[in-house]
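**Q** Here's my sequence, what's the structure:
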Amino acid sequence: MVVFWFLLIALVVVVAAVALFVAGGGSGAALPEAAADRTVWPLPADRPMARADVETLRLPVALRGYRMAETDEALDRLGAELAERDARISELEAALAGAQAAAMAGGAKAGPGESESRDRREDEGEKE
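**A** Numbering: from 1, shown residues only. Modelled structure (predicted):
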């Protein structure tokens with residue numbers, strides 16, 4: 001019977017404390033704006049990311065792992081920049097291949113026999 005009265009009094013005290021906290025907790029003023037729960041990325045906004053930027057990048061940790069929105073943002077940017085670089089590399093390789101093909105075609109037109117006959121003409125011109 002003593003345990004029952006103890007539990008009943010404890011319950012009344014807890015309910016009264018919660019009621020006082022809720023009723024007297026606010027002064028009627030609005031709550032201040034909450035600070036944004038986002039980190040400022042140390043990634044450069046004015047230039048493409050370099051290897052050092054990726055090496056120093058530390059993704060923010062949340063209660064159950066990484067914050068998905070910020071991690072996705074960083075990975076999306078990395079993916080876009082890598083795709084842009086891959087496209088530029090392909091473009092430059094194609095231009096290089098075209099220039100090499102043109103150089104080979106220009107060298108093949110002259111041919112080895114033509115250069116020998118030109119050398120003979122120059123030698124004959126010096127003899128005269």
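
**Q** Would you mind confirming that Thr71 makes contact with Arg58?
**A** No - distance between Thr71 and Arg58: 11.1 Å, which falls outside the contact criterion (C-beta atoms under 8 Å). Placement of C-beta: from N, CA and C, glycine included.

**Q** Looking at those two, which has the bigger crowd around it?
**A** Thr71 (14 against 8; other C-beta atoms under 10 Å).

**Q** what does the model give that one for pLDDT?
**A** Thr71 carries a pLDDT value of 82.

**Q** Low-confidence ranges, the protein, go.
**A** Where the chain drops to pLDDT under 70, the residues are 25-31, 34-41, 108-128.

**Q** any idea which residue sits dead centre in it?
**A** Among the residues of the chain, the one closest to the centroid is Leu78, at 2.9 Å (C-alpha atoms, centre = their mean).

**Q** give the contact list for that residue.
**A** 49, 54 (C-beta atoms under 8 Å, 6 or more residues apart in numbering).

**Q** Now do it against Val54, distance only.
**A** Relative to Val54, Leu78 is positioned 7 Å away (C-beta to C-beta, to the nearest Å).

**Q** go on, Pro60?
**A** Using C-beta to C-beta, we find Pro60 at a distance of 16 Å from Val54.

**Q** same question, Asp72
**A** For Asp72, the distance to Val54 equals 16 Å [C-beta to C-beta].

**Q** name the element Leu82 belongs to?
**A** helix 68-127 (DSSP states H and E).

**Q** next one: Ala19
**A** Per DSSP H and E: helix 2-24 holds Ala19.

**Q** Report the buried residues of that helix.
**A** By neighbour count with 16 or more other C-beta atoms under 10 Å, helix 2-24 contains no buried residues.

**Q** chain center to the helix or strand that comes right after that helix: distance?
**A** Next helix or strand after helix 2-24 toward the C-terminus (DSSP H and E): helix 51-56. Chain-centre distance of helix 51-56: 10 Å, with C-alpha atoms, centre = their mean, to the nearest Å.
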